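Below are the sequence and a predicted model; questions follow.
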Amino acid sequence: MTIKHKLTTKEFLVPFILITFLFFLWGLAHGMVDTLDKHFQQILNLKKSESSLIQFALYGAYFGMALPAGLFMRRYGYKKGIILGLGLFGTGALLIAGTTSFESFWIFLTCLFILGCGLATLETAANPYTTKLGPKDSAARRINFSQSFNGLAWVIGPLIALYIYGNQSMVKGEKLASMILPMAIIGLVVLIVALVFIRIRLPEISEEEAGHAVVELDKEESDFLEKPLIKKPHFVMGVAAQFCYVAAQTGIFSYLINFVTDETQYPRFDVKNGPYFLSIGFALFMVGRMSGSYLMGYYKPSRILALYSALCVLLLPIVSLNFGWISLISLYAIFFFMSIMFPTIFALGIRDLGPQTKKAASFIVMAIVGGALFPPLMGFISDHYTMSIGFFTPIPLFLFILYYALKGHQVK
């Protein structure tokens, strides 16, 4: 491959490895949290629409924290933003571990919100930072590669959650006891990583595009850079596309266990094995990101995004119409095809924004609030009809992503 298509360069290799590890850490948290809906439905007798407040608290934190995190980094830089995110992440995990004896869903949601603020800060820092750690032309490929380790962690997260599911005690004071150990370990590890980042040196990359010589801009290019973000259609559409993607992803992730354990569903499996099925989905998700990162060395990321979103639109009705094993296989295929969407939309949305990159990244991370708003709707429909019918609802979201991939991403 030519230099412009290399994943990264020698000068940025170590920072790229360290930042990629952060993707693994927050993927671990997401992988665990996405299994908890069914567990809380059983242990605390919640409806699907009520348990979806787990996603509302986590992804609502992204909406509330992304812009402050972006402003913080504009003043103090990427490194301090990463340290702040790790501190909030670790504190939130330890608070969850320390408050389980209260057996309060609302206390859990409050602690989860703090943890989510940490994840939002990390994503606001790491996603745009990764796109700068190498040649401009391989930015989308680079962020997909880093997000592959996020996918790997999502495979491991549900397997850790098997330990949580192992506790089916209804004795007062013991219902949530199995959450203490995994959350305490995650919290301590994250805080140790924060100390490592305090000690190491990270290059503070300027808002100008990395890896390129300074060139004279013509009047049209200068006018484009000076425009406010709201007047840059590819960015505005990118925010909307990211909202749609995270909304669809979170609904599908959150309700897979409900789908495979639903009484109206065939095949139907035991609830205690639910995390295994989610882990399988996340394994396909990881493979999709790794293979997608490879393909982007040869094909335009926007074309791959268009193809994958179109396939999701075609597969969701098959999932919803209850064709047995065919529906289940189709649902797993959607995990694979969703894999490249978040990092690809992110890279396309902040493309060619120069000094506005950090601010733009904040707004795109805020769009993750779609994951807070959509699962309650999907849960409401599933409560009143069937779980399979609920899988019709993400179709319009993928149609918008298809439009963005075909036309909306173009820089004008």
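Received the coordinates, thanks. Numbers count the residues shown, from 1 in each chain.

count of residues packed around R268?
Each residue near R268 was counted by other Cβ atoms under 10 Å, and the total is 12. Bear in mind the C-beta positions are built from the backbone N, C-alpha and C, glycine included.

The nearest residue to R74 once chain neighbours are set aside: how many residues sit nearby?
Nearest residue to R74 in three dimensions, chain neighbours excluded: K358, at 5.2 Å (Cβ to Cβ, 6 or more residues apart in numbering). Residues contacting K358 under the criterion other Cβ under 10 Å number 23.

and the gap between K358 and N273?
Distance, K358 to N273, by Cβ to Cβ, to the nearest Å: 43 Å.

ditto for W154
18 Å.

Compare the two and say which is more crowded by neighbours.
Taking W154 and N273 together and counting by other Cβ under 10 Å, W154 has the greater number of neighbours (28 against 13).

Could I get the contacting residues of the more buried one?
By Cβ atoms under 8 Å, 6 or more residues apart in numbering, W154 lies in contact with G27, L28, H30, G31, D34, F282, F285, M286.

Turn those into a markdown table, including distance to F363.
Below are the contacts of W154 laid out as a markdown table (distance: Cβ to Cβ, whole Å):
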| residue | distance to F363 |
| --- | --- |
| G27 | 22 |
| L28 | 26 |
| H30 | 21 |
| G31 | 26 |
| D34 | 24 |
| F282 | 27 |
| F285 | 25 |
| M286 | 27 |
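
Of those residues, which count as buried by neighbour count?
Listed as buried from the contacts of W154 are G27, L28, H30, G31, D34, F282, F285, M286; burial here means 16 or more other Cβ atoms under 10 Å.

pLDDT-wise, what's the bottom of these?
Confidence by pLDDT is poorest for D34 among these, given 76.

Toward the C-terminus, what is the element adjacent to the lowest-mean-pLDDT helix or strand in the chain?
Least confident helix or strand, the chain: helix 219-226 with a mean of 55, by mean pLDDT, DSSP states H and E. For helix 219-226, the following helix or strand on the C-terminal side (DSSP states H and E) is helix 233-261.

tell me the mean pLDDT over that next one?
Averaged across helix 233-261, pLDDT comes to 91.

go on, stretch 54-61?
89.

what do you get for stretch 333-352?
On average, stretch 333-352 scores 91.

P128 touches S362, doesn't it?
No: using Cβ atoms under 8 Å as the test, P128 is too far from S362 to be in contact (9.2 Å).

more crowded one of these two?
When P128 and S362 are compared for neighbours, P128 comes out ahead with 28 against 23, by other Cβ under 10 Å.

Which parts of the stretch 251-400 of the chain are helices?
In the stretch 251-400 of the chain, the helices defined using DSSP state H, counting those that start in this stretch lie at 274-295, 301-320, 325-338, 341-349, 357-366, 370-384, 387-390, 395-403.

for those helices, which one ends up most surrounded?
Of the helices of the stretch 251-400 of the chain, the one with the most neighbours on average (mean count of other Cβ atoms under 10 Å) is helix 341-349, at a mean of 28.

Just the buried residues of stretch 99-106, please?
Using 16+ other Cβ under 10 Å as the test for burial, stretch 99-106 gives T99, T100, E103, F105.
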